[in-house]
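Participant: got a predicted structure plus its sequence, pasted below:
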Amino acid sequence: MGYLSGFHAIEELIKSGIPCGPLLVAKPGPRARELVDFALAHRIRVDRVGTADLDRLAPDHRGIVLETTGDTASSGIITLEDFFVTLGDRQNALVLILDEITDPHNYGAILRSCDQFAVDLVVSRRRRNAKNAPVIAQTSAGASAWVKCAEEGNLARAVEQLKENNFWVYGADMNGCKVYDLELSGRIAIIMGGEAGLSRLLHERCDGIAAIPTQGRIESLNVSVAAGILLYEVNRQRFCGSRQKTKSRKNK
């Protein structure tokens, strides 16, 4: 059981139809009262509680907290096999692979970008990834209720499965090719590494390495910011066309 306290996270979870509730309310302000009406309209039970109760459950609350079930965090989890079935013959698809992104704030921010840029699936490790569902939900502004995810024990094998299903796989690294010089149409998978960067096994399986040109004095962008920029570029090419029209696999 968990508790959500962010207004957007609460609203999006209720919208998604994922089982949740009751909504716990103590001295709500105008925005919280709107959420009470919204919850009642979606047949979510509303309970009046004391402020001290909410302080204990979610110290950062603003007068309202949504109780979530134990299944909420995994409600959007599917398998890679199920994903390929639902993908069918679609030629344009976008997958984001997260290699040891353990900070739930980064993970949530990435999911928010995934929702905005129509990512079809987020793939992460079954272990060594962010697990704090309430923080992820709040940081993602509720996007975690919508983005489909797959948790894999072996990311290298997951990459091979994607390539077998006609995905081109690009790793993110500042020593790669400028991202806007890459052809990113069709079925694309992008790998984002953690603080240590891409693991060797994943780097070796990439068809190319994408870099974001920067002009700052520090070494790199925050991973959630970098992910948003790369996802934007894929969408830009998808809708506006790209500068380069051919591509070849690095390992051929």
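Facilitator: Structure's in. What do you need?

Participant: list the contacts of the residue of the chain positioned farthest from its centre.
Facilitator: Within the chain, residue 50 marks the point farthest from the mean C-alpha position, 34.0 Å out by CA atoms, centre = their mean. Residue 50 sits next to residue 26 when contact means CB atoms under 8 Å, 6 or more residues apart in numbering. To be clear about C-beta, it is placed using only N, CA and C from the backbone, and glycine gets the same treatment.

Participant: which parts of this structure are strands?
Facilitator: 2-4, 20-25, 46-48, 64-68, 93-99, 121-125, 149-152, 168-178, 187-193, 208-211 (DSSP state E).

Participant: so what touches the first one?
Facilitator: What that stands for is strand 2-4. 10, 13, 24, 57-58, 65-68, 70, 72-73, 133-134, 137-138.

Participant: please repeat the previous calculation with a cut-off of 10 Å.
Facilitator: With CB atoms under 10 Å, 6 or more residues apart in numbering as the test, strand 2-4 has contacts from 10-14, 20, 23-24, 54, 56-58, 61, 64-70, 72-73, 132-135, 137-138, 142, 144-145.

Participant: sheet partners, orientation included, of it?
Facilitator: With DSSP bridges as the test, strand 2-4 is paired with strand 64-68 (antiparallel).

Participant: what angle do strand 20-25 and the partner strand make with each other?
Facilitator: Counting by axes from the mean of the first three to the mean of the last three CA atoms, to 10 degrees, strand 64-68 lies at 160 degrees to strand 20-25.

Participant: could I have the CA atoms of strand 64-68 written out in CSV?
Facilitator: Extracted C-alpha coordinates of strand 64-68, given in CSV (Å, rounded to 0.1, in the frame of the first residue of the first chain):
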residue,chain,number,x,y,z
ILE,A,64,-5.3,15.5,0.4
VAL,A,65,-3.7,12.1,-0.1
LEU,A,66,-4.8,9.2,-2.3
GLU,A,67,-4.3,5.7,-1.0
THR,A,68,-3.0,3.3,-3.6
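
Participant: in that strand, which residues are buried?
Facilitator: 64, 65, 66, 67, 68 (16 or more other CB atoms under 10 Å).

Participant: okay, and the beta partners of the closest residue to residue 90 other than its chain neighbours?
Facilitator: The shortest distance from residue 90 to any non-neighbouring residue, by CB to CB, 6 or more residues apart in numbering, is to residue 187 (8.0 Å). Per DSSP bridges, the residues bridged to residue 187 are residue 93.

Participant: so residue 187 touches residue 93, yeah?
Facilitator: Yes - Residue 187 lies in contact with residue 93 (CB atoms under 10 Å); the separation is 4.7 Å.

Participant: hey, where'd the helices end up in the stretch 51-200 of the chain?
Facilitator: With DSSP state H, counting those that start in this stretch as the criterion, the stretch 51-200 of the chain has helices at 51-57, 80-87, 104-116, 133-139, 155-164, 200-204.

Participant: and the angle for the fifth one with helix 80-87?
Facilitator: This points to helix 155-164. Interaxial angle, helix 155-164 versus helix 80-87 (the same axes, to 10 degrees): 20 degrees.

Participant: check which helices and strands helix 155-164 sits against.
Facilitator: helix 80-87, strand 93-99, strand 121-125, strand 149-152, strand 168-178, strand 187-193, helix 200-204 (3 or more CB pairs under 10 Å, 6 or more residues apart in numbering; DSSP states H and E).

Participant: for the ones you listed, which one sits closest to residue 210?
Facilitator: Closest of the helices and strands packed on helix 155-164 to residue 210 is strand 168-178, at 4.7 Å (criterion: CB to CB).

Participant: tell me the mean pLDDT for the closest one?
Facilitator: Mean per-residue pLDDT for strand 168-178: 95.

Participant: just how off-centre is that strand within its chain?
Facilitator: On the basis of CA atoms, centre = their mean, to the nearest Å, strand 168-178 sits 19 Å off its chain's mean C-alpha point.

Participant: perfect, I'm done here.
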